[in-house]
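Enquirer: heads up, no residue letters with this:
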């Protein structure tokens with residue numbers, strides 16, 4: 001962790017060799033065929049994830065990307081592994097965020113899924129980031145209970161991560177949840193014990209965990225608007241996060257939006273961002289998102 005650089009050229013060659021542009025999601029995300037979580041991503045074996053400075057990355061910036069792996073949201077990790085991830089990292093580095101340390105989480109539904117939380121490592125190198133992303137099991141389930149367990153990302157970020165950015169420099173990292181459902185409103189003690197192996201003193205609400213995560217992270221939600229679920233649940237996120245709920249109309253832009261959000265925030269140390277699409281001059285269609293400060 002933290003000892004390798006992101007090499008876009010190397011990554012491009014490896015992506016071609018691995019068939020990231022041509023293979024199906026099930027051929028790339030091999031846990032899909034096994035139908036189970038990769039043992040290295042089991043939460044009970046990931047009680048602490050660290051984003052530390054190193055000689056290679058003296059100013060590490062922790063970035064947690066929590067991917068909804070239920071239903072139609074499974075296509076977002078597939079898009080990231082094609083070219084969304086390398087473009088995102090290159091964008092950040094080119095604009096002065098030299099030491100991003102990215103941690104992928106897989107998020108499902110703690111009331112019914114086999115793997116509602118999957119945990120990678122904070123990484124900076126291209127090979128390591130691809131490894132953790134493609135180890136993620138795109139379980140594809142979720143329940144009919146009007147929500148997913150995005151609050152598990154807040155729980156993990158708040159209580160199971162340590163970062164030099166915060167401890168040494170008082171600098172918050174970034175935490176992005178991505179999905180089209182509202183968040184389940186509570187996290188019972190039994191659910192935490194089942195995932196982490198230890199029962200907390202009390203249950204948590206969504207707002208309690210959000211506030212805990214916000215102590216160490218700038219928290220955003222990328223709300224996917226391409227289906228009916230996104231429209232019906234938008235109000236929940238707007239009430240909870242205000243301008244930090246970013247509406248996304250095109251899932252292929254997720255990596256770009258994350259990069260734009262992080263870099264714009266770091267450039268101006270602003271407290272609010274709003275993503276607005278640039279319009280194509282010819283047909284009026286959105287081209288790429290820009291951050292309006």
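Expert: Arrived safely, thanks for sending. Fair warning: this is a prediction, and the values are worked out from it, not measured in the lab. Numbering: from 1, shown residues only.
Enquirer: What about residue 157, how many residues nearby?
Expert: For residue 157, the count of nearby residues is 28 (other C-beta atoms under 10 Å). For glycine as for every other residue, the C-beta is placed from the backbone atoms N, C-alpha and C.
Enquirer: Kindly report the same for the one 10 residues further on.
Expert: Burial of residue 167, expressed as a neighbour count using other C-beta under 10 Å, amounts to 13.
Enquirer: does it sit in a helix, a strand or a coil?
Expert: helix (DSSP: H, G, I helix; E, B strand; the rest coil).
Enquirer: And the pLDDT for it?
Expert: Predicted confidence (pLDDT) for residue 167: 97.
Enquirer: Can you pull out the low-pLDDT segments for the chain?
Expert: Where the chain drops to pLDDT under 70, the residues are 1-2, 269-293.
Enquirer: all strands of it, in order?
Expert: In the chain, the strands defined using DSSP state E lie at 49-51, 61-68, 100-107, 117-119, 161-163, 173-179, 186-187, 204-205, 217-224, 245-248, 274-279, 286-292.
Enquirer: nearest to residue 258, of those strands?
Expert: When the strands of the chain are compared by C-beta to C-beta, strand 173-179 sits nearest residue 258, at 5.8 Å.
Enquirer: how far off strand 100-107 does the closest one point, in degrees?
Expert: Strand 173-179 and strand 100-107 meet at an angle of 30 degrees, taking axes from the mean of the first three to the mean of the last three C-alpha atoms, to 10 degrees as the criterion.
Enquirer: Show me what strand 173-179 is in contact with.
Expert: Residues from elsewhere that reach strand 173-179, judged by C-beta atoms under 8 Å, 6 or more residues apart in numbering: 51, 61-68, 70, 73, 76, 107, 148, 150, 153-154, 157, 163, 165-166, 183, 213, 216-224, 254, 258, 261-262, 265.
Enquirer: Give me the buried entries from those.
Expert: 51, 61-68, 70, 73, 76, 107, 148, 150, 153-154, 157, 163, 165-166, 183, 213, 216-224, 254, 258, 261-262, 265 (16 or more other C-beta atoms under 10 Å).
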